[in-house]
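**Student:** Sharing a model that was predicted from the sequence below.
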Amino acid sequence: MKALIEWWRGARGEWRIIAVAVVAWALDQGTKAWVVSAMPFEARRAVVPGFLSLVHWGNTGSAWSLFHGNNGLLALVAVAAVAALWWWRHHFEAHRMAGQVALGLLFGGTLGNLVDRLLPSRRHVVDFLYFHVIKRSGAEAGFPAFNVADMAICTGVVLLLMLATMPADEPGAVGSKTGS
């Protein structure tokens, strides 16, 4: 662990971005592989009845199943987004450690979902966390199912938005010399 911390402190920004991306991608792919092997497609298992279920669902769209059925187009968009984000990373707080983490999360999450879209055995993004509640009427209201890649992407975006609104020189600011 000490060696890892020392590496992190001495690593160049690009290597930190890549390291975070690899970890996010590996966690995403590992959890999806577990779901695919442990649950049949479209299965559902209650973890906290009436609140959280593990599911094995496929999504050929983007967030909230927008653009459903456009898996190939969304794969091309993901490739273009990764390339553009890498090319213009210096405009997205890549000089700050917190920005490097945010960018790594974005890359890892995007690549995690892209792998799902391209795998011949899937051709859809595997979603497996489903939060829901039961209304008084007995009907279910749920948040769209998601996965580790989705969490990484959302966390990366929120972190970049936070960084964009904070001066880097402010003591204690995320990513400032005194804050991270």
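**Tutor:** It's in.

**Student:** which residues in the chain form helices?
**Tutor:** Along the chain, counting by DSSP state H, helices occupy 2-10, 13-38, 71-87, 97-118, 148-165.

**Student:** Ok, which of the ones you listed comes nearest Arg44?
**Tutor:** helix 13-38 (11.4 Å; CB to CB). Yep, even glycine has a C-beta here, placed from its N, CA and C like the rest.

**Student:** helices and strands around that closest one, which ones?
**Tutor:** Helix 13-38 sits against strand 52-59, helix 97-118, strand 125-134, helix 148-165, with contacts defined as 3 or more CB pairs under 8 Å, 6 or more residues apart in numbering; DSSP states H and E.

**Student:** Off-centre distance for that helix?
**Tutor:** Put simply, helix 13-38 sits 9 Å off its chain's centre (CA atoms, centre = their mean, to the nearest Å).

**Student:** How about the contacts made by His124?
**Tutor:** His124 makes contact with 58-60, 71, 116-117, according to CB atoms under 8 Å, 6 or more residues apart in numbering.

**Student:** try it again with 7 Å
**Tutor:** Going by CB atoms under 7 Å, 6 or more residues apart in numbering, His124 touches 58-60, 71, 116.

**Student:** which among these gets closest to Ala145?
**Tutor:** Asn59 (7.6 Å).

**Student:** Across the sheet, point out what pairs with that closest one.
**Tutor:** Taking DSSP bridges as the rule, Asn59 bridges to Val125.

**Student:** And it, how close does it get to Arg123?
**Tutor:** 11 Å (CB to CB, to the nearest Å).

**Student:** Mind checking which of these two has more residues around it?
**Tutor:** Taking neighbours as other CB atoms under 10 Å, Asn59 and Arg123 compare with Asn59 leading, 24 against 14.

**Student:** No further questions, thank you.
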